[in-house]
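Visitor: please work out how this folds:
(one chain, ligands or ions: 1)
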Amino acid sequence: MKKGYRAALGLVLIALMLMLFTGAYFREETAVSARVLLAQHGETSVYVGAQGLPETAKMTHFSRQTLLKGQLLYVNQQTPLPQDMPSQQARNVRKMVGLYVPAAQDVSLSEETIYALCDLCADNPLLRTWITAGMRAPSEQHALQDAAFETYRKTMTTAAALSAARRDVPDSGHSEHQLATCFDLQFTGALDWSCQDALDRGTDGLWLRENAWRYGFIRRYPPEKAMLTGVQNESLHFRYVGREHALVMQATGWCLEEYLDALHTYGALTIARETGDVVILCVPMDALGAAFPMPEGYSCLVSADNLGYAVCVLRGD
Ligand SMILES: [Zn+2]
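Guide: Coordinates of the predicted model:
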C-alpha cells in the first residue's frame with residue numbers, strides 16, 4: 001500500500017513538473033510571437049519588430065554617399081559630421097517662398113525642409129514666430145564660437161572663456177546647424193514669461209509642441225532631455241527628420257538619442273496606422289554602405305545615422 005502511494009505521488013509530481021514546464025514554454029512562445037507595443041498615439045501604434053513585410057524581398061544596396069544624404073545624421077560635441085559627407089544643398093528661405101515661412105533674411109535650409117515648413121504654415125501661419133537661424137557654413141560656426149569666446153574673455157580667464165564658448169557654441173563640424181534641416185525659432189508678441197519652458201510662453205509654441213511632428217519636425221533639445229542630449233541652451237531648436245521618424249518620437253516621447261538607441265537595439269520598428277503600416281529597419285553600416293530588403297511595390301527612404309548604422313523607412317504604397 002505504501003509502495004503504491006509513493007508511486008502515485010511520484011506520478012503526480014512528474015505531471016506537475018510537466019505542466020509547469022509546458023506552461024512556461026507556452027508563455028515564452030506567446031511572448032515571442034506577440035507584438036510588443038511600444039507606444040500608442042491616437043489611431044497609431046508603434047511596435048517592436050518588422051510586421052507585415054512580404055517574405056520575398058530583394059536585397060538592395062545603398063552606397064555610403066547615398067546614406068550620408070539622409071535625414072538622421074547624428075552630430076554633437078563628441079560626434080563630428082563625417083568628413084566625406086556630401087555638401088548640403090540649402091536655399092535662402094525668403095528668396096524661395098517670401099514671408100510665407102517667417103524667416104529672417106539670411107536663413108537657408110534644404111528645399112525639403114522649406115516645403116515641410118510650407119505645409120506647416122498652411123495650417124498655422126506662425127504669425128508670432130521668426131526663424132532666426134538655419135544652416136551655417138563651417139566658417140560661420142567658427143566665427144560664432146569666436147564671438148562667444150571674445151565676450152566671455154572680458155570676464156574670465158582664457159581657459160574658462162574657451163570652455164564656456166565651446167559649451168554655448170559647438171565646434172565647427174559638431175553643430176546641427178551645419179545640416180540644412182535645422183533651425184532656431186524666436187517668438188514675438190505677448191509672451192507668458194512665467195512659463196519656464198520657452199515653448200509654452202506663446203500660442204505658436206504651444207501649437208508647435210502638439211503639431212510639429214505631423215510635418216516631420218522634432219524639437220531636438222527638449223529641456224527635460226538635457227541629460228541625454230547634453231544641450232541646455234537650444235530649447236527652440238527644431239530639426240526636420242521626416243514624418244515617420246517624427247511620429248515615432250512623438251508617440252514614444254523619445255528624443256533623437258533615445259530613438260537611435262532603440263533602433264540599434266531592436267533593429268526594426270513598425271508603425272501601424274490607418275493610412276498603411278510603415279516599417280523602419282536599422283542595420284550596421286560598413287565602409288561601402290548598407291543593404292535592406294526591398295519588397296516589390298514598397299518605397300523607401302534611407303539614411304546613415306553617423307553612429308555606425310543605416311536606417312530605412314519602408315512604406316507599402
Ligand atoms: Zn539651434
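Visitor: use CA for all of it now, contacts and neighbours both
Guide: Fine.
Visitor: with adjacent residues omitted, what lies nearest to the residue in the stretch 201-317 of the chain that the ion sits nearest to?
Guide: Here the stretch 201-317 of the chain gets closest to the ion at one residue, residue 237, 4.4 Å apart by C-alpha to the ion. Closest residue to residue 237 apart from its sequence neighbours, by C-alpha to C-alpha, 6 or more residues apart in numbering: residue 184 at 4.4 Å.
Visitor: same question, residue 71
Guide: The shortest distance from residue 71 to any non-neighbouring residue, by C-alpha to C-alpha, 6+ apart, is to residue 241 (5.2 Å).
Visitor: same thing with residue 298?
Guide: If the residues on either side of it in the chain are set aside, residue 298 comes closest to residue 316, at 4.4 Å by C-alpha to C-alpha, 6+ apart.
Visitor: which ones are touching that neighbour?
Guide: 276-278, 297-299 (C-alpha atoms under 8 Å, 6 or more residues apart in numbering).
Visitor: where does the stretch 51-200 of the chain come near the ion, residue by residue?
Guide: Applying C-alpha under 5 Å from the ion, we find that the stretch 51-200 of the chain lies next to the ion at residue 184.
Visitor: tell me where the stretch 51-200 of the chain has helices.
Guide: 64-67, 93-97, 111-123, 138-153, 158-168 (DSSP state H, counting those that start in this stretch).
Visitor: buried ones in stretch 153-161, by neighbour count?
Guide: For stretch 153-161, a neighbour-count test (16 or more other C-alpha atoms under 10 Å) marks 153, 161 as buried.
Visitor: poorly predicted segments of this protein, please.
Guide: The model of the chain has pLDDT under 70 over residues 1-34.
Visitor: go ahead and flag the most central residue of it.
Guide: residue 256 (3.9 Å; C-alpha atoms, centre = their mean).
Visitor: so that one sits against residue 217, correct?
Guide: No: using C-alpha atoms under 8 Å, residue 256 is not in contact with residue 217; the gap is 11.5 Å.
Visitor: neighbours of the residue of the stretch 201-317 of the chain closest to the ion, how many?
Guide: Residue 237 has 21 neighbours, counted by other C-alpha atoms under 10 Å.
Visitor: show me the contacts for it.
Guide: Residue 237 neighbours (C-alpha under 8 Å, 6+ apart): 182-185, 219-221.
Visitor: relative to residue 221, how far out is it?
Guide: Residue 237 sits 7 Å away from residue 221, going by C-alpha to C-alpha, to the nearest Å.
Visitor: over to residue 122?
Guide: Separation of residue 122 from residue 221 (C-alpha to C-alpha): 25 Å.
Visitor: ok, residue 227 next?
Guide: For residue 227, the distance to residue 221 - C-alpha to C-alpha - is 10 Å.
Visitor: then residue 63?
Guide: Taking C-alpha to C-alpha, one finds residue 63 at 30 Å from residue 221.
Visitor: who has more neighbours, the two?
Guide: Counted by other C-alpha under 10 Å, residue 63 and residue 221 do not tie: residue 221 has more neighbours, with 23 against 15.
Visitor: hang on, that one in a strand?
Guide: No: using DSSP: H, G, I helix; E, B strand; the rest coil, the assignment for residue 221 is coil, not a strand.
Visitor: which residues does it contact?
Guide: Contacts of residue 221 by C-alpha under 8 Å, 6+ apart are 229, 231-232, 234-237, 255.
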